[in-house]
Each structure stands twice: as C-alpha cells, then as structure tokens.
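Asks: Sequence unavailable; structure follows:
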C-alpha cells in the first residue's frame with residue numbers, strides 16, 4: 001500500500017517537471033520516518049551540468065527542511081516506457097543520506113521494482 005501511495009505522489013510531482021531539452025519528465029516521492037513525504041521533479045538547464053534529478057530534488061528538500069536521516073523509501077517514475085533507474089550521482093546521494101532505505105522504480109503501466117540502496121550502489125565512496 002505504501003509503495004503504491006509513493007508511486008502516485010511521484011507521478012503527481014512529475015507533472016511539475018521542467019524538461020524542455022530532453023522532454024523526459026521524472027518525478028520522485030520520499031517517505032520519512034516522521035510520516036512526511038517530500039516530492040521532487042527533474043529540472044533541466046541549457047547547461048546540462050546545472051540540471052537536477054527528481055530524486056535529488058526530493059532528498060535535498062527534505063534535508064533543507066531539517067530531515068537528515070530517517071528516510072524510509074523513495075519512489076521514482078518517468079514519462080518514458082522503461083524503469084527510471086537513478087544516475088550515479090543520485091545513487092551516491094542515496095548512500096550519503098539513506099543507506100537503509102528502499103528505492104522503487106515504477107513504469108507507466110503500473111509495474112515496479114524495489115531495491116535496497118546497497119543493491120543499486122554496491123561500490124560507493126562511502127562504506128555501508
């Protein structure tokens with residue numbers, strides 16, 4: 001039930017995506033132990049290095065609001081047909097802030113997969 005709720009929130013967040021260069025919308029929803037859900041979308045920039053992924057937007061929103069740990073699960077969805085696997089930068093951010101959390105990647109058709117952070121980032125800069 002929680003997985004589906006997070007996926008729904010991620011799809012809502014995806015609607016706010018600013019992606020005029022790739023036309024690839026991404027949304028994320030992060031559940032914290034406090035019960036609060038932080039959402040994020042991808043925000044592109046003509047200088048691609050200034051672009052931020054949806055999952056980092058959600059995590060950084062939570063951290064900027066004072067929640068630096070206690071992240072339970074992060075759902076990621078996209079406008080494409082495949083699973084929206086996170087990039088390497090996002091995976092390293094997961095290790096920094098949410099080592100014990102789960103990551104859900106969901107397709108438009110409702111299918112989803114769930115991973116631990118360690119499964120997605122087995123050889124990180126920071127040890128588990």
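Replies: Received it, and whenever you're ready, just let me know what you need. Computed from a predicted model, the values in this text were never measured in an experiment.
Asks: quick one: low-confidence parts of this protein?
Replies: For the chain, applying pLDDT under 70 flags the ranges 128.
Asks: mind running it again at 90?
Replies: Scanning the chain for pLDDT under 90 picks out 1, 48-49, 68-69, 121-128.
Asks: Going along the chain, name the strands of it.
Replies: All strands of the chain, identified by DSSP state E, fall at 26-32, 37-41, 71-78, 102-106, 112-116.
Asks: Take these and lay them out in JSON lines including distance to residue 89.
Replies: All C-beta spots, glycine's among them, are computed from the backbone N, C-alpha and C. Shown next, in JSON lines, are the strands of the chain (distance: least, Cβ to Cβ, whole Å):
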{"stretch": "strand 26-32", "distance to residue 89": "14"}
{"stretch": "strand 37-41", "distance to residue 89": "14"}
{"stretch": "strand 71-78", "distance to residue 89": "14"}
{"stretch": "strand 102-106", "distance to residue 89": "14"}
{"stretch": "strand 112-116", "distance to residue 89": "17"}
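Asks: export these to JSON lines and tack on mean neighbour count and distance to residue 2?
Replies: Shown next, in JSON lines, are the strands of the chain (neighbours: other Cβ atoms under 10 Å; distance: least, Cβ to Cβ, whole Å):
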{"stretch": "strand 26-32", "mean neighbour count": "26", "distance to residue 2": "7"}
{"stretch": "strand 37-41", "mean neighbour count": "23", "distance to residue 2": "10"}
{"stretch": "strand 71-78", "mean neighbour count": "26", "distance to residue 2": "7"}
{"stretch": "strand 102-106", "mean neighbour count": "23", "distance to residue 2": "9"}
{"stretch": "strand 112-116", "mean neighbour count": "14", "distance to residue 2": "11"}
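Asks: Of those strands, which is nearest residue 6?
Replies: With Cβ to Cβ as the criterion, residue 6 lies closest to strand 71-78 of these, at 3.7 Å.
Asks: partners of that closest one in the sheet?
Replies: Sheet pairing of strand 71-78 (DSSP bridges) gives strand 26-32 (antiparallel), strand 102-106 (parallel).
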